[in-house]
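Trainee: model this:
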Amino acid sequence: MEMNSLSVELPIYPLGQHFDGYGHLNNAYYPVYFEEGRYTLARKLGFEPDSMIKDGKGFIVTDARYRYIQPVRRFHRERGLIILTQLEKEDFHLVMRQQLVDITRRNTFATARILYCFTKIESGKPTKIPKKALDLFAFS
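Mentor: Predicted coordinates for the structure are as follows:
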């Protein structure tokens, strides 16, 4: 994943209780770490979903896909783990692509693709990405 102004790296630190008896990170925690990466990127970009709501627009996840490639093991925690998150525009959607990698970036453990849609608050129907968001994210 090529990092740019619409991306962020977030170190993560799994706790001991996040690992099962075999020393593997429990699959339930991967989406939690990916969500932290998305939230960190949104803050970095100055995006506040509440401001969109004031303008009559909602911001919702319409699809979340996770791919588990190989297990994170306890010893990976000591070496260091990073969530890489990148924002892209795709038609009427914003897409966040993510990877959970080790600090050397030689091992990818999991990936995520999260699709966001904007909606009209009063009807709940999808709408174009608001100009405010396009400007904020420097999309044309």
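Trainee: check contacts around Phe47.
Mentor: By C-beta atoms under 8 Å, 6 or more residues apart in numbering, the contact list for Phe47 reads 133, 136-137. The way it works is simple: take the backbone N, C-alpha and C, and place the C-beta from them, glycine included.
Trainee: what's the closest non-adjacent residue to the residue nearest the centre of the chain?
Mentor: By C-alpha atoms, centre = their mean, the chain has its centre lying nearest to Arg38, at 3.3 Å. Excluding the flanking residues, the one nearest Arg38 by C-beta to C-beta, 6 or more residues apart in numbering is Met96, at 5.2 Å.
Trainee: quick one: that neighbour from Leu15, how far?
Mentor: Per C-beta to C-beta, to the nearest Å, Met96 is found 24 Å from Leu15.
Trainee: Of these two, which one has the most company?
Mentor: The neighbour count for Met96 versus Leu15, taken as other C-beta atoms under 10 Å, is higher for Met96 (23 against 8).
Trainee: my guess is that one contacts Ile114, does it?
Mentor: Yes - using C-beta atoms under 8 Å, Met96 is in contact with Ile114, at 4.6 Å.
Trainee: So what are the sheet partners of the helix or strand where Arg65 lies and their directions?
Mentor: Using DSSP states H and E, Arg65 sits in strand 57-68. In the sheet, strand 57-68 lines up against strand 108-120 (antiparallel) (DSSP bridges).
Trainee: got the contact list for the helix or strand following the strand it pairs with?
Mentor: Moving toward the C-terminus from strand 108-120, the next helix or strand (DSSP H and E) is strand 126-127. With contact meaning C-beta under 8 Å, 6+ apart, strand 126-127 is reached by 57, 92, 117-120.
Trainee: and the angle for the helix or strand harbouring Ile82 with strand 108-120?
Mentor: According to DSSP H and E, Ile82 maps onto strand 81-90. If you take axes from the mean of the first three to the mean of the last three C-alpha atoms, to 10 degrees, strand 81-90 sits at 40 degrees to strand 108-120.
Trainee: what pLDDT does Met1 get?
Mentor: pLDDT for Met1: 65.
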